[in-house]
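*Asks:* sequence and predicted model, in that order:
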Amino acid sequence: MNNTEQIISQNIYSLFWTQLKHEPSEVHCKSYDNQLIIVIRNGLTKAEQLLILNGYIEIAKKVRDSIEEILQPQLKKIIEEAVDTKISELLFATHPEADYVSLIALMKPSSKTITSKVNPIKQQVQPQSQEHGGE
């Protein structure tokens, strides 16, 4: 894990503690191109775990959705400050049976990346579109 990934992991751990009074057992962070993958082990709060254990899974899901909605702006800020790039999308997945939360942060690509990758594809797609447009 590089220094940026460690900073993000530590800040997310701190966020969970300060906002939820909950200590995840581990926060792993790994970056790939324009993506950042974060896995939070023991990510469910005691209240969520209690609801799930007693069969209130739908209520636990609503609680988790609300927590994610509340934490999303703070998580985006933590990540954007560490990587110095804007996030286009922050995706959440909660896995109650394994008690972990995963996040995928999709970074906005730089304009150089868009220009170099989109133009060749655009040139290939246009002739196909014209062929199908005449049918």
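*Replies:* It's in.

*Asks:* so where do the strands sit in the protein?
*Replies:* Ranges of strands in the chain, per DSSP state E, are 26-32, 35-41, 87-95, 100-107.

*Asks:* check which helices and strands the second one sits against.
*Replies:* Yep, that's strand 35-41 we're talking about. In terms of contacts (3 or more Cβ pairs under 8 Å, 6 or more residues apart in numbering; DSSP states H and E), strand 35-41 is packed against helix 3-20, strand 26-32, strand 100-107. (C-beta placed from N, C-alpha, C; glycine too.)

*Asks:* run the last query once more with 10 Å
*Replies:* Under the contact criterion of 3 or more Cβ pairs under 10 Å, 6 or more residues apart in numbering; DSSP states H and E, strand 35-41 touches helix 3-20, strand 26-32, helix 57-83, strand 87-95, strand 100-107.

*Asks:* equivalent analysis for the third one, please.
*Replies:* Contact partners of strand 87-95 among helices and strands, from 3+ Cβ pairs under 10 Å, 6+ apart: strand 35-41, helix 57-83, strand 100-107.

*Asks:* let me have the helices and strands packed on strand 35-41 in JSON lines, extended by mean neighbour count, distance to residue 51 and mean pLDDT.
*Replies:* Formatted as JSON lines, those follow (neighbours: other Cβ atoms under 10 Å; distance: least, Cβ to Cβ, whole Å; pLDDT from 0 to 100):
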{"stretch": "helix 3-20", "mean neighbour count": "16", "distance to residue 51": "15", "mean pLDDT": "95"}
{"stretch": "strand 26-32", "mean neighbour count": "17", "distance to residue 51": "23", "mean pLDDT": "93"}
{"stretch": "helix 57-83", "mean neighbour count": "16", "distance to residue 51": "4", "mean pLDDT": "95"}
{"stretch": "strand 87-95", "mean neighbour count": "14", "distance to residue 51": "13", "mean pLDDT": "93"}
{"stretch": "strand 100-107", "mean neighbour count": "19", "distance to residue 51": "15", "mean pLDDT": "94"}
